[in-house]
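[1] what's the 3D shape of this:
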Amino acid sequence: MELYYSFSVLIVLTAIFSYLNLRYLKLPSAIGIMLLAMIVSISLVIAGKSYPDMFTGFTDIIASVDFTEVLMGSMLNFLLFAGAIHISLHDLRKQRIPVMMFSTVGVIISTFIVGTILYFTFILLGVTIPFIECLVFGALISPTDPIAVIGILKKAGIRKSLEIKVAGESLFNDGVAVVLFAVLLQLARGSEVDLTFLHISGLFLQEAGGGIAMGLLLGFIASQGIKRINSYNVTVMITLAVVMGGYLVTRMLHISGPLTMVAAGLVIGNYGKAVAMSAADKDYLDKFWELIDEILNAMLFLIIGFELLLIPNLQQYWLIGPLTILIVLLARFFSIWLPIKFVPNIGSFDARTITILVWGGLRGGVSVALALTIDDHLHHNLFLAITYYVVVFSIVVQGLTVGRLTQMQKANKRVK
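    Modelled structure (predicted):
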């Protein structure tokens with residue numbers, strides 16, 4: 001029953017914060033809810049000095065939520081599927097080279113740039129942190145978050161081709177990031193890891209390639225099943241089965257659940273809608289997954305806001321936190337610029353496009369979830385705190401300004 005109570009509290013708070021945001025703040029849902037949760041968190045910390053029982057009780061509720069398992073094990077699968085069924089495969093195919101480069105090579109470049117600069121930054125601050133641990137942080141902070149990106153950028157008014165580049169990258173970069181993070185974390189723990197190209201390639205092929213193949217198979221089977229019926233209720237249930245049953249299969253086979261959901265969503269959202277669904281089926285399916293997307297997105301950013309309660313002495317990282325934000329943005333620039341500069345046939349990118357790609361590369365719950373898995377003896381609190389700095393800045397500052405930046409660039413282009 002404790003799980004039910006915790007879930008109930010989160011749902012109630014999500015509804016209240018959604019109302020307050022819509023009624024008064026009028027910010028994008030994810031940003032408004034997270035800001036309100038952070039304000040409540042700070043208020044609880046202050047009030048906790050006078051009423052420690054109240055602070056402890058609420059903190060226990062948040063601590064009872066295994067954020068890593070909740071996000072990586074359930075929420076992420078639903079949210080990725082919900083995002084993927086609305087993406088045009090035709091548009092994605094046009095941008096396949098930049099999407100592939102940014103989601104693979106870009107993540108690796110960013111990981112090593114962040115890790116290297118952070119390592120020397122710690123030295124300048126008089127702190128000794130092993131280089132391998134800095135690389136672990138680089139791996140967890142480098143992938144753009146699909147939930148934050150799709151949820152915020154679709155309302156930012158950027159042109160379609162650029163939206164597909166950013167959203168497509170965020171959907172596919174988890175496979176590379178998870179493999180890279182897992183290998184580096186094992187090295188940081190001192191575990192024996194086979195670092196040969198063949199072994200690492202095999203891990204990536206199993207994780208990413210297996211996930212995509214499973215998603216394509218599940219999407220095709222589901223589409224064929226939907227084709228033989230005429231019931232929007234059953235159509236919706238079949239897609240739910242793909243997400244929930246597909247996750248169980250990916251855990252058994254040790255392949256990427258997120259990439260499975262992306263591939264399955266793309267197949268059902270394009271092939272399935274084209275050959276298997278009536279207009280009513282499409283309408284109900286879209287509305288159902290839009291609702292799931294809104295509810296889970298709101299809950300996710302609520303939890304991110306309340307994670308502030310679980311980070312001890314966040315204020316002591318006031319210097320390294322902002323410095324890390326600058327390092328991550330610099331690494332993001334080079335992870336975009338280097339592939340554009342040296343990869344043939346990647347397309348034409350002007351300064352405006354690069355600016356939006358850099359500023360629109362939002363970090364979110366995936367980075368927080370990975371940071372929570374770092375062992376205590378590997379400076380867990382430090383890396384969790386600076387991850388929180390980067391994520392909050394990314395969602396609030398970059399998320400609120402990327403639309404305005406786009407409009408300013410459009411206006412400047414018209415003037416010229």
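[2] got the contact list for residue 220?
    267, 271 (C-beta atoms under 8 Å, 6 or more residues apart in numbering). C-beta: built from backbone N, CA, C; applies to glycine.
[3] ok, 6 Å please
    residue 267 (C-beta atoms under 6 Å, 6 or more residues apart in numbering).
[4] So it versus residue 200, what's the distance?
    30 Å (C-beta to C-beta, to the nearest Å).
[5] out of everything not next to it in sequence, what's closest to the one residue sitting closest to the centre of the chain?
    Note on the chain: the residue nearest the mean C-alpha position is residue 145, at 2.3 Å, using C-alpha atoms, centre = their mean. Distance criterion C-beta to C-beta, 6 or more residues apart in numbering; nearest residue to residue 145, sequence neighbours excluded, is residue 364 at 3.2 Å.
[6] Ramachandran coordinates for that neighbour?
    phi -150, psi -140 (degrees, to the nearest 10).
[7] number of nearby residues for it?
    Applying other C-beta atoms under 10 Å, we find 30 residues neighbouring residue 364.
[8] and the gap between it and residue 392?
    Residue 364 is 10 Å from residue 392, by C-beta to C-beta.
[9] now do residue 225
    From residue 225 to residue 392 the distance is 43 Å (C-beta to C-beta).
[10] quick one, what contacts residue 256?
    175, 207, 208, 211.
[11] Just to check, the last one is in contact with residue 260?
    Yes. Residue 211 sits in contact with residue 260 when judged by C-beta atoms under 6 Å, with a separation of 4.5 Å.
[12] neighbour-wise, which of these two wins?
    residue 260 (30 against 26).
[13] Tell me, how many residues neighbour residue 94?
    Based on other C-beta under 10 Å, the number of other residues close to residue 94 is 16.
[14] Now do stretch 362-381: everything it contacts.
    Under C-beta under 6 Å, 6+ apart, the answer for stretch 362-381 is 67-68, 71-72, 133, 140-141, 145, 147-149, 181, 188, 300, 304, 383-384, 387, 390-391, 394, 398-399.
[15] All the helices of the stretch 251-400 of the chain, in order from the start?
    257-267, 273-275, 279-306, 320-342, 351-359, 365-372, 380-392, 399-415 (DSSP state H, counting those that start in this stretch).
[16] Report all helices and strands that the fifth one contacts.
    Identification of packing neighbours for helix 351-359 by 3 or more C-beta pairs under 6 Å, 6 or more residues apart in numbering; DSSP states H and E yields helix 320-342.
[17] With only the CA atoms kept, save the helix it packs on in PDB.
    Extracted in PDB, the C-alpha atoms of helix 320-342 (Å, rounded to 0.1, in the frame of the first residue of the first chain):
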ATOM      1  CA  ILE A 320      31.400  24.100  -9.700                       C
ATOM      2  CA  GLY A 321      27.700  23.900 -10.600                       C
ATOM      3  CA  PRO A 322      27.600  27.000 -12.900                       C
ATOM      4  CA  LEU A 323      31.100  26.100 -14.300                       C
ATOM      5  CA  THR A 324      29.800  22.700 -15.300                       C
ATOM      6  CA  ILE A 325      26.900  24.300 -17.100                       C
ATOM      7  CA  LEU A 326      29.400  26.300 -19.200                       C
ATOM      8  CA  ILE A 327      31.500  23.100 -19.800                       C
ATOM      9  CA  VAL A 328      28.500  21.100 -21.000                       C
ATOM     10  CA  LEU A 329      27.300  23.900 -23.400                       C
ATOM     11  CA  LEU A 330      30.900  24.200 -24.800                       C
ATOM     12  CA  ALA A 331      31.000  20.400 -25.300                       C
ATOM     13  CA  ARG A 332      27.600  20.500 -26.900                       C
ATOM     14  CA  PHE A 333      28.900  23.100 -29.400                       C
ATOM     15  CA  PHE A 334      31.900  21.000 -30.400                       C
ATOM     16  CA  SER A 335      29.800  17.800 -30.600                       C
ATOM     17  CA  ILE A 336      27.600  19.500 -33.200                       C
ATOM     18  CA  TRP A 337      30.300  21.500 -35.000                       C
ATOM     19  CA  LEU A 338      32.900  18.800 -35.400                       C
ATOM     20  CA  PRO A 339      30.600  16.300 -37.300                       C
ATOM     21  CA  ILE A 340      29.200  19.200 -39.400                       C
ATOM     22  CA  LYS A 341      32.800  20.200 -40.300                       C
ATOM     23  CA  PHE A 342      34.300  16.700 -41.100                       C
END
